[in-house]
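In: Generate coordinates for the sequence data below:
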Amino acid sequence: MAVNQRVTRLECPFPTGAIDAYRPDMDTTVSPRVLVIGLDPYRLPGPWDPEPVAEAIKAGLAKFAEHDVSVETCLIGLDGSDDVEVVVGNALRAHPWECVTVGGGLRHSDDQVELLEQVVNLVRRHAPQAAIAFNTTPATTYEAAARWIE
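Out: Predicted structure coming up:
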């Protein structure tokens, strides 16, 4: 798992070259309401530029701050460096989530069906009280969660 960085509700700076898998030390006075689980664009296979996706994630998360809704992320890599059960399980147990939003990167690939099933079942096991939402792109992450939170 990557080294944790402090993140506030108002900004979500990504470290150079990597996004932390899970950020449990958000600087906020209230517990986060939404957990976003998705793929870390810096830890995906293939020659590709992760920056546009990382910027889109950052912009999508900024909408939560605009609506005064606290959020944390749990981004997992496909490079084999994460024990998904541990990383996602720790994130899900960290707070009593109102909503867990599962990112489109986990759903839009037939190659990731088993990973999607694992994530959904971890949500059911560790956060059964949470609504489960699905975004279509990083830009719609807030809207996906907003359908389920008050």
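
In: residues contacting residue 35?
Out: By Cβ atoms under 8 Å, 6 or more residues apart in numbering, the contact set of residue 35 is 71-74, 91-92, 95, 97, 99-101, 127, 130. Placement of C-beta: from N, CA and C, glycine included.

In: Of those, which is the most crowded?
Out: Neighbour counts for those were taken using other Cβ atoms under 10 Å; the highest belongs to residue 101, with 29 neighbours.

In: That one touches residue 36, doesn't it?
Out: Yes - between residue 101 and residue 36 there is a contact at 4.8 Å, judged by Cβ atoms under 8 Å.

In: so how far is the lowest-mean-pLDDT helix or strand in the chain from its chain's centroid?
Out: When the helices and strands of the chain are compared on mean pLDDT, DSSP states H and E, helix 104-107 comes out lowest with a mean of 88. How far helix 104-107 lies from its chain's middle: 11 Å, per Cα atoms, centre = their mean, to the nearest Å.

In: one step back: need the overlap of contacts for residue 101 and residue 36.
Out: 141, 145.

In: Mind jotting down where the strands sit in the chain?
Out: For the chain, the strands defined by DSSP state E cover 34-39, 71-76, 99-102, 131-134.

In: Nearest approach to residue 62 belongs to which of these?
Out: If you check each of the strands of the chain against residue 62 by Cβ to Cβ, strand 71-76 wins as the nearest, at 9.9 Å.

In: in this protein, which spans are helices?
Out: With helices called from DSSP state H, the chain shows them at 51-66, 84-93, 104-107, 113-126, 141-146.

In: who touches the shortest one?
Out: In this structure, residues lying in contact with helix 104-107 by Cβ under 8 Å, 6+ apart are 37, 38, 39, 112, 115, 116, 119, 134, 135, 136, 137, 138.

In: how many neighbours does residue 126 have?
Out: When neighbours are counted by other Cβ under 10 Å, residue 126 comes out with 17.

In: May I have the residues that are in contact with it?
Out: Residue 126 makes contact with 89, 92, 93, according to Cβ under 8 Å, 6+ apart.

In: is it possible to export the helices of the chain to TSV including distance to residue 44?
Out: Formatted as TSV, the helices of the chain follow (distance: least, Cβ to Cβ, whole Å):
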stretch	distance to residue 44
helix 51-66	9
helix 84-93	14
helix 104-107	8
helix 113-126	12
helix 141-146	18
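
In: Pick the most deeply packed of these.
Out: Of all those, helix 141-146 has the most neighbours on average by mean count of other Cβ atoms under 10 Å, namely a mean of 22.
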